Structure formats: C-alpha cells, structure tokens
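[1] Sharing a model that was predicted from the sequence below.
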Amino acid sequence: MKKEVIAVDKFPRPTVPYSYGVKAGNLLFIAGQVGVDPANNKLRGSSISEQTEQALTNMANVLKAAGSSMEARAREERIDDARQQTVATFPCILAL
C-alpha cells in the first residue's frame with residue numbers, strides 16, 4: 001500500500017521524527033495535534049477550551065492539506081460525552 005506523508009505549510013517542522021499526517025490508501029492518520037498555535041509556536045491561551053479549539057483547528061489544517069475536511073472524519077466524540085463515559089467507566093475520576 002502506498003503511503004504519503006502530509007506536510008502542512010504553515011506548521012513548524014517537527015523536532016522529533018513524526019509526521020503530522022500520513023495517508024495510506026483511503027485512510028488518513030493524524031498525530032501530534034495539540035493546542036499550539038503554529039503562527040507563534042506557543043500554547044494558545046490558558047484554558048483547556050482555548051487549547052482544545054486550537055488542537056481541532058490544527059487537525060482541520062492537516063485534513064485540508066491531505067485534501068479532506070472535518071466533515072469527512074469517521075468518528076466524532078464530544079468532550080462532554082467522553083468525560084461522562086470516563087466517569088461512568090472509572091468512577092474514581094470525579095474531579096476532572
């Protein structure tokens with residue numbers, strides 16, 4: 001199967017050996033998306049919501065560079081749903 005490394009022009013070059021995205025056939029694997037603003041290479045804001053928003057923006061940019069979009073993703077989980085599922089599965093984690 002042919003693999004293609006996805007580069008995002010406005011993202012800084014990774015300092016460790018990984019790719020922001022790898023396309024294999026009709027699948028796209030995305031890695032390393034955190035709340036860092038690629039314009040200044042600094043963590044965005046001080047809240048988890050600001051950093052999550054930036055991480056999702058970064059993910060959308062990788063998808064766009066690969067010729068895809070957020071609308072084409074295979075699975076979606078909302079943060080609130082994930083938190084509820086975590087608390088239900090691990091009731092000892094209540095202070096999240």
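    Noted; the coordinates are in hand.
[2] Return the helix or strand in this protein with minimum mean pLDDT.
    Taking mean pLDDT, DSSP states H and E as the measure, the helix or strand of the chain with the lowest value is helix 79-89, at a mean of 58.
[3] Can you verify my assumption that residue 38 contacts residue 57?
    No - with contact defined as CB atoms under 8 Å, residue 38 does not reach residue 57; the gap is 9.2 Å. (Glycine included, C-beta is placed from N, CA and C.)
[4] Restricting to C-alpha, output stretch 54-71 in CSV.
    Extracted C-alpha coordinates of stretch 54-71, given in CSV (Å, rounded to 0.1, in the frame of the first residue of the first chain):
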residue,chain,number,x,y,z
GLN,A,54,-6.6,25.2,18.6
ALA,A,55,-5.9,21.5,18.5
LEU,A,56,-9.1,21.0,16.5
THR,A,57,-8.1,23.9,14.2
ASN,A,58,-4.7,22.2,13.7
MET,A,59,-6.4,18.9,12.9
ALA,A,60,-8.6,20.6,10.3
ASN,A,61,-5.5,22.1,8.7
VAL,A,62,-3.9,18.7,8.4
LEU,A,63,-7.1,17.3,6.9
LYS,A,64,-7.2,20.2,4.4
ALA,A,65,-3.5,19.6,3.4
ALA,A,66,-4.5,16.0,2.8
GLY,A,67,-7.4,17.0,0.6
SER,A,68,-10.0,16.2,3.2
SER,A,69,-12.1,18.0,5.8
MET,A,70,-13.5,17.8,9.3
GLU,A,71,-16.9,16.8,7.7
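[5] Residues touching it, excluding its own?
    6-11, 20-21, 23, 28, 30, 33-38, 44-45, 72-73 (CB atoms under 8 Å, 6 or more residues apart in numbering).
[6] Appreciated, that's everything.
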